[in-house]
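> Any chance you could fold what I've pasted below:
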Amino acid sequence: MHHSLWMPGRSVFFCLVISLSGSLCTSSTGRAAEPPALAFGRAFGDDMVLQQEMPIPLWGTATPGESIEVSFRGETVVSRTDPNGSWQVTLPPMQSSGMPSSCVLRNQQDQVVLKNCLVGEVWLCAGQSNMLLPVSKTSGAPRVVAAAYHPHLRILAFDTTTACSSAAAFADTQLQSLEPSSFLQGTWTVCLPEHAAAFPAVPYFFGESLLRKRHVPIGIISVAVGGTPTEAWIQQQALRSHPQLATLMTDNWLTAQGLEGWCRQRAKQNLDGPLRDGKPIPGDNHGPNHPFKPGFMWSAGIAPLIPLAVRGVAWYQGESNADSPARVQQHDLLLPFLIADWRKAWGRPRLPFGIVQLPGLGRPDWPAFRESQRRITENLADTGLIVTIDLGNRHDVHPGDKQPIGERLALWADEAVYKKKGGVANGPLPTKAILLDSGDICIHFRDTGEGLKTTDGLPPRHFEVGTEESVFQKVAARIENNTVVLNCSEPSFSCHSLPRIRYAWQPFPTPPVNLMNSSDLPASPFELPAQADHE
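Below is the predicted model:
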């Protein structure tokens, strides 16, 4: 993996070669660098959890060409480092264990010992600021923190000192951190009350709920940076290979018109001053580095974790790809491509992905974006949709009620990934809408559990019908035989042509949505064409 210092109008003049673990192998002056230290890669550390029932890859650095061995729970594997000083071994699958063990890396002269390591279930949580928001900023934080004594829950939360929450120009130290190998830092931490306030909230609530459901140690790896768009999390070479998305990989990404204007504007606010001052900024042929740059978060946050054994991925992202109709349409390509890219990189075609649907917020393009998320999970195997339309805040992109999101992610994992019997993994999802001879429309759902209901005992609300030629009109609805029937028989609806149906198609539905299944999970917003009764 090659990175360079980027300056406008100049060719590449420094070349840094980064090893598998992110260690510097040659210096910018061409002099021989110090041999890499004997070390594990940054995915590993004291208090870590390793994935049960799968081969366990471990990797790191040592002196080039030397023999190393790794021992854990009675298993020892020997390997030799490559010419760059990188090594990788694979331990055999192990059963879960809450008994702490040490993982030991040795060469002829030294050893590195990782203490208090467990074996259980490991999940990767990734996304932008709503995946990053700490427990301290969520609803009921004091109560949550006081109760957060869970020694078998461990969280590796990667974070950066170079966040983009401010429009201020990056300081010199922030510019220097814009190398993928050093952008994110983090350590495994045991879940205790003294640590819980700083944990990212959705990953914490997800892990805590999984711990209660699975009764094995849980490891959560959180990699999230505020504002990062979907394309930042996809490999650059993959984007270049895509017939439609290759346009995102221009000579200078800061001028790429296919990217979100806000993302480019914020990046320019962070970088323009240093560029004008002639300060060197890490970058490549596509321009200076920044967490919003296509491919950057892949290099900084995901590539260093591969091929770590994980059960699956929780993905909570989209706010930076939902600000215009063109970007929403682009997301239809981006998210499936990201999932395919990650699955290919991990060598796991069925790597589970739980997708958190965006909640309520007063932004006009969010209904269409939620529909994009719904369609993607509908069409991709081993994905799940975590519906949050009953949550959110009309004016705040960072709503504080994060506990239901983590718990719904855990419910999806328990039911859909671990195959628990007898429950439902998510809220009701539409399967078809039938135009009846009476003129009414009958909407069928899956994932209804023991039946559809409303939270307040009133008829379901926020249903609309329309055609390609007409505006959508609100329509009365009722639950009947585990379906929703829309009263469209009035002449004003004129359903001679097949209409389209929308549900909760508002940025922030008011009054709140009330259609649920028997597990109190909300129905997803949707847009669906009606079909004739005989089809």
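> can you tell me how far residue 221 sits from residue 130?
17 Å (CB to CB, to the nearest Å). Quick note: C-beta positions are derived from backbone N, CA and C, even for glycine.
> and residue 301, what is it in contact with?
Counting by CB atoms under 8 Å, 6 or more residues apart in numbering, residue 301 makes contact with 126, 158, 183-184, 223, 225, 233.
> Am I right that it is in a strand?
No - under DSSP: H, G, I helix; E, B strand; the rest coil, residue 301 sits outside any strand and is assigned helix.
> now, which of the contacts of residue 301 lie within strands?
Counted as lying in strands by DSSP state E, out of these, are 126, 158, 223.
> what's the closest of those to residue 312?
residue 126 (11.4 Å; CB to CB).
> burial of that closest one, as a residue count?
Residues lying near residue 126 (other CB atoms under 10 Å) number 27.
> so it touches residue 300, yeah?
No - Residue 126 lies out of contact with residue 300 (CB atoms under 8 Å); the separation is 11.5 Å.
> Show me what the helix ranked longest in the chain is packed against.
Longest helix of the chain, by residue count under DSSP state H: helix 325-346. Contact partners of helix 325-346 among helices and strands, from 3 or more CB pairs under 8 Å, 6 or more residues apart in numbering; DSSP states H and E: helix 366-379.
> same thing but 10 Å
If you count contacts as 3 or more CB pairs under 10 Å, 6 or more residues apart in numbering; DSSP states H and E, helix 325-346 packs onto strand 111-127, helix 236-241, helix 261-276, strand 312-316, strand 353-356, helix 366-379, strand 383-386.
> which other helices and strands contact the fourth one?
I take that to be strand 312-316. Applying 3+ CB pairs under 10 Å, 6+ apart, one finds that strand 312-316 contacts strand 111-127, helix 129-132, helix 201-214, strand 218-224, helix 325-346, strand 353-356, strand 383-386, helix 403-412.
> same thing but 8 Å
On a contact count with 3+ CB pairs under 8 Å, 6+ apart, strand 312-316 meets strand 111-127, helix 129-132, helix 201-214, strand 353-356.
> a markdown table for the ones you listed, including distance to residue 80 and mean pLDDT?
Below are those laid out as a markdown table (distance: least, CB to CB, whole Å; pLDDT from 0 to 100):
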| stretch | distance to residue 80 | mean pLDDT |
| --- | --- | --- |
| strand 111-127 | 17 | 98 |
| helix 129-132 | 39 | 97 |
| helix 201-214 | 36 | 98 |
| strand 353-356 | 36 | 98 |
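> follow-up on the earlier one: just put the helices and strands packed on helix 325-346 in JSON lines and tack on distance to residue 198.
Formatted as JSON lines, the helices and strands packed on helix 325-346 follow (distance: least, CB to CB, whole Å):
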{"stretch": "strand 111-127", "distance to residue 198": "15"}
{"stretch": "helix 236-241", "distance to residue 198": "32"}
{"stretch": "helix 261-276", "distance to residue 198": "24"}
{"stretch": "strand 312-316", "distance to residue 198": "18"}
{"stretch": "strand 353-356", "distance to residue 198": "21"}
{"stretch": "helix 366-379", "distance to residue 198": "29"}
{"stretch": "strand 383-386", "distance to residue 198": "24"}
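> Phi, psi for residue 456 please.
With angles defined as degrees, to the nearest 10, residue 456 sits at phi -120, psi 10.
> so which of the helices and strands packed on helix 325-346 gets nearest residue 460?
Of all the helices and strands packed on helix 325-346, helix 366-379 comes closest under CB to CB, at 17.2 Å.
> Pull out the buried residues from that closest one.
For helix 366-379, the neighbour count (16 or more other CB atoms under 10 Å) marks 366-377 as buried.
> Quick check, residue 113 in contact with residue 72.
No - counting by CB under 8 Å, residue 113 sits too far from residue 72 to count as a contact (10.7 Å).
> Could you chop this structure up by domain?
In terms of domains, the chain is parsed into 1-36+119-426, 429-532 (source: automatic domain parsing).
> picking that back up, between residue 113 and residue 72, point out the one with more neighbours.
residue 72 (21 against 12).
> Report pLDDT for the spatially closest residue to that one that is not a sequence neighbour.
Spatially, and ignoring its direct neighbours in sequence, residue 72 is nearest to residue 103 (4.4 Å; CB to CB, 6 or more residues apart in numbering). Looking at residue 103, its pLDDT is 98.
> which ones are touching residue 103?
Residue 103 neighbours (CB under 8 Å, 6+ apart): 40, 44, 48, 50, 58, 70-72, 113-114, 117.
> Residue 320: which of the ones in strands among the contacts of residue 301 is nearest?
Closest to residue 320, out of all of these and judged by CB to CB, is residue 126, at 13.6 Å.
> Tally up the residues packed near the closest residue in space to that closest one that isn't next to it in sequence, please.
Nearest non-adjacent residue to residue 126, counting by CB to CB, 6+ apart: residue 223, 4.9 Å away. Neighbour count for residue 223, taken as other CB under 10 Å: 26.
> Does residue 223 have any beta-bridge partners, and if so which?
Beta-bridge partners for residue 223, by DSSP bridges, are residue 126, residue 158.
> What distance do you get for residue 283 to residue 375?
Between residue 283 and residue 375 the distance, using CB to CB, works out to 35 Å.
> do the same with residue 127
Counting by CB to CB, the separation of residue 127 from residue 375 is 19 Å.
> who's in contact with the longest helix of the chain?
For helix 325-346, contacts defined as CB under 8 Å, 6+ apart pick out 230-231, 233-235, 238, 242, 244-245, 258, 260, 298, 302-303, 306-307, 313, 318, 321-322, 349-351, 353, 355, 365, 368-369, 372-373, 375-376, 379-380, 383.
> Now the buried members of the residues you listed.
Buried subset of those (neighbour count, 16+ other CB under 10 Å): 230-231, 233-235, 238, 242, 245, 258, 260, 298, 302-303, 306, 313, 318, 321-322, 351, 353, 355, 365, 368-369, 372-373, 375-376, 380, 383.
> What separation do you get for the closest residue to residue 356 other than its chain neighbours and residue 227?
Leaving aside its sequence neighbours, residue 356 sits nearest to residue 316 (CB to CB, 6+ apart; 3.9 Å). With distances taken as CB to CB, residue 316 is found 13 Å from residue 227.
> Would you agree residue 125 is in contact with residue 223?
Yes - at 7.3 Å, residue 125 counts as touching residue 223 under the criterion of CB under 8 Å.
> re earlier: verify the contact between the residue nearest to residue 356 and residue 405 for me.
Yes - Residue 316 is in contact with residue 405 according to CB under 8 Å; the separation is 7.3 Å.
> Between those two, tell me which one has more neighbours.
For the pair residue 316 and residue 405, the greater number of neighbours falls to residue 316 (30 against 25), based on other CB under 10 Å.
> residues near residue 419, how many?
Using other CB under 10 Å, residue 419 has 7 other residues around it.
> Could I get the contacting residues of it?
Contact analysis of residue 419 by CB under 8 Å, 6+ apart lists nothing.
> which SS state does it fall under?
Applying three-state DSSP: residue 419 is coil.
> What separation do you get for it and residue 404?
For residue 419, the distance to residue 404 - CB to CB - is 23 Å.
> Repeat that for residue 375.
Remark: distance between residue 375 and residue 404 (CB to CB) = 23 Å.
> One more: residue 239?
Residue 239 is 34 Å from residue 404, by CB to CB.
> Mind pulling the model confidence for residue 380?
97.
> Hmm, I typed the wrong one, I wanted residue 161.
With respect to pLDDT, residue 161 scores 88.
> Could you tell me how many residues sit around it?
Here the number of neighbours of residue 161 (other CB under 10 Å) works out to 11.
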